[in-house]
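[1] What would the 3D arrangement of this be:
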Amino acid sequence: MSELSTAPEFAFPEVFDAVADAIPDRDLVIFGDRRFTQREIADRSRRLATYLRSRGLGVHTDRADLTGDQVGQDLVGFYTYNGNEYVESMHAAFRARVAPFNVNYRYVKSELEYLLNDAAPTALIYHAAFAPTLADVLSRVPSLKVLIQIADDSGNALLDGATDYEQVIADTEPDLSGAQPSPDDLYIVYTGGTTGMPKGVLWRQNDIFMGACGGRNVYTGEAVTSITEIAERAGGGGALKVFVVPPLIHAAAQWAALTASTSGQTLVFSDVPERLDPAAIAATIEKEQPTVLMVVGDAIARPLLTEFEKGERDVSSIKIFANGGAVLSPQIKERALAVFDGAIVMDGTGSSETGAQMTHVSTAGAVSTGTFNPGTNTTVVTEDLTGETTAGDGHIGWLAQRGHVPLGYKGDPEKTA
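    The predicted structure follows:
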């Protein structure tokens, strides 16, 4: 349990439902010509969740009987591009009490095989484009029992034993009467493997909700205290549109999607999800007029700004150029502020193991890599890990997080410790 156990705790499904009940007709996902309201995503995710439950997936061991590195739920992996299906699948997993995790679709066969065997999922939801790669490793991933394939332009046929995603939703009547989600139910994010092999970070739902997904103000530390407050917050004012450019295989992008789901925002995705297409992104900004554009470092920002600087599309709706997960250089920030007149550039710092921790804002005439403003739960521990440093004492230390933190790494008690 979280050390903050005296505070009210939440499971994602009750939060999703409160928001959907408050603003049923507001768009939650805009993906190309497809638009999905809060009500529609709720219905589609309930149908998918019911299907997962019908295949025997759910919770098998209560959290109280497990250590920090152990999982008592079935896992479902998402081997998919950005789109409504990713958002629906996350919602469905939480509703079914199945622990979701991200699969990097850029992995080659050996990397995919390693990840799937480390996670040991019972189910996998994947785009048809990845069916050939998946087919080559399936015989060596004995845990997989349920395959759900999302049709796409690849034209790849269903793998043996797989079920079509849209067919599942069309043929399944929602019935989750036997599933009672708990704040202890897991959310799992796999690290990218830049600091060793990929590791599954195990979060209780309440802790990741508070740590990175809309449950707590990172600046003030103020947390929501009731479902009523969540519904009122979602229903107040107009919808903020957030264009999430990076793939949802990354934690920061997932957290943006979950924050939108818990706070009444609208998610916008590029209609070319398989690659970075600056022209398509510019066209979508002109059409949908989002307020926030989310990127990951110079590698994504530079080609986007080169496209925007042509002036062929109206991108003036962007007021927040949000960055996380990689460095955004001062030169790129200057270019962004020139393109988005009157906007701010917001840098965020955090990790799969900490959630959101610090922010820095650049404005026209005040651009830098900056001194970041820590959240209320951010601290620095001494180099030997024996205690916290004192502000201004000049000691080198390790950036750390208090309070809402993960339980551990899946299946690895040593690294968890």
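[2] So Asn84 sits against Ile41, correct?
    Yes - at 7.2 Å, Asn84 counts as touching Ile41 under the criterion of Cβ atoms under 8 Å. The way it works is simple: take the backbone N, C-alpha and C, and place the C-beta from them, glycine included.
[3] Quickly list what's touching both of these two.
    Counting by Cβ atoms under 8 Å, 6 or more residues apart in numbering, the contacts common to Asn84 and Ile41 are Val29.
[4] Show the low-confidence segments of the protein, by residue range.
    Applying pLDDT under 70 to the chain flags the ranges 1-5, 194-195, 237-238, 352, 355, 357, 360, 368, 370, 391-392.
[5] From Thr80, how far out is the residue nearest to the spatial centre of the chain?
    The residue lying closest to the centre of the chain (Cα atoms, centre = their mean) is Gln254, at 1.1 Å. Noted for Gln254: a distance of 12 Å to Thr80, by Cβ to Cβ, to the nearest Å.
[6] ditto for Phe16
    For Phe16 relative to Thr80 (Cβ to Cβ), the value is 19 Å.
[7] Then Leu48?
    Counting by Cβ to Cβ - Leu48 and Thr80 are separated by 13 Å.
[8] Quick check: neighbours shared by these two?
    Here Leu48 and Thr80 share the contacting residues Ser89, scored by Cβ under 8 Å, 6+ apart.
[9] can you map out the helices along the stretch 1-150 of the chain?
    With DSSP state H, counting those that start in this stretch, the ranges of helices along the stretch 1-150 of the chain come out as 12-22, 38-54, 84-96, 109-119, 131-137.
[10] Hmm, the residue nearest to the centre of the chain is touching Ser89, no?
    No - using Cβ under 8 Å, Gln254 makes no contact with Ser89, being 11.2 Å away.
[11] check contacts around the residue lying closest to Glu166 once chain neighbours are set aside.
    Spatial nearest neighbour of Glu166, chain neighbours left out: Ala151 (6.9 Å); criterion: Cβ to Cβ, 6 or more residues apart in numbering. Taking Cβ under 8 Å, 6+ apart, we find Ala151 in contact with Ala128, Asp164, Tyr165, Glu166.
[12] Keeping just the C-alphas, turn stretch 234-250 into PDB.
    Extracted in PDB, the C-alpha atoms of stretch 234-250 (Å, rounded to 0.1, in the frame of the first residue of the first chain):
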ATOM      1  CA  ALA A 234     -14.000  17.800 -16.000                       C
ATOM      2  CA  GLY A 235     -17.300  19.600 -16.600                       C
ATOM      3  CA  GLY A 236     -16.000  23.100 -15.900                       C
ATOM      4  CA  GLY A 237     -15.000  25.300 -18.800                       C
ATOM      5  CA  GLY A 238     -14.100  24.200 -22.300                       C
ATOM      6  CA  ALA A 239     -12.100  21.200 -23.400                       C
ATOM      7  CA  LEU A 240      -8.400  21.600 -23.700                       C
ATOM      8  CA  LYS A 241      -7.200  19.900 -26.900                       C
ATOM      9  CA  VAL A 242      -3.800  18.100 -26.600                       C
ATOM     10  CA  PHE A 243      -2.000  16.900 -29.700                       C
ATOM     11  CA  VAL A 244       0.200  14.000 -28.600                       C
ATOM     12  CA  VAL A 245       2.900  13.500 -31.300                       C
ATOM     13  CA  PRO A 246       5.100  10.900 -29.700                       C
ATOM     14  CA  PRO A 247       4.100   7.200 -29.700                       C
ATOM     15  CA  LEU A 248       2.100   5.900 -26.800                       C
ATOM     16  CA  ILE A 249       4.800   3.300 -26.300                       C
ATOM     17  CA  HIS A 250       6.400   6.000 -24.200                       C
END
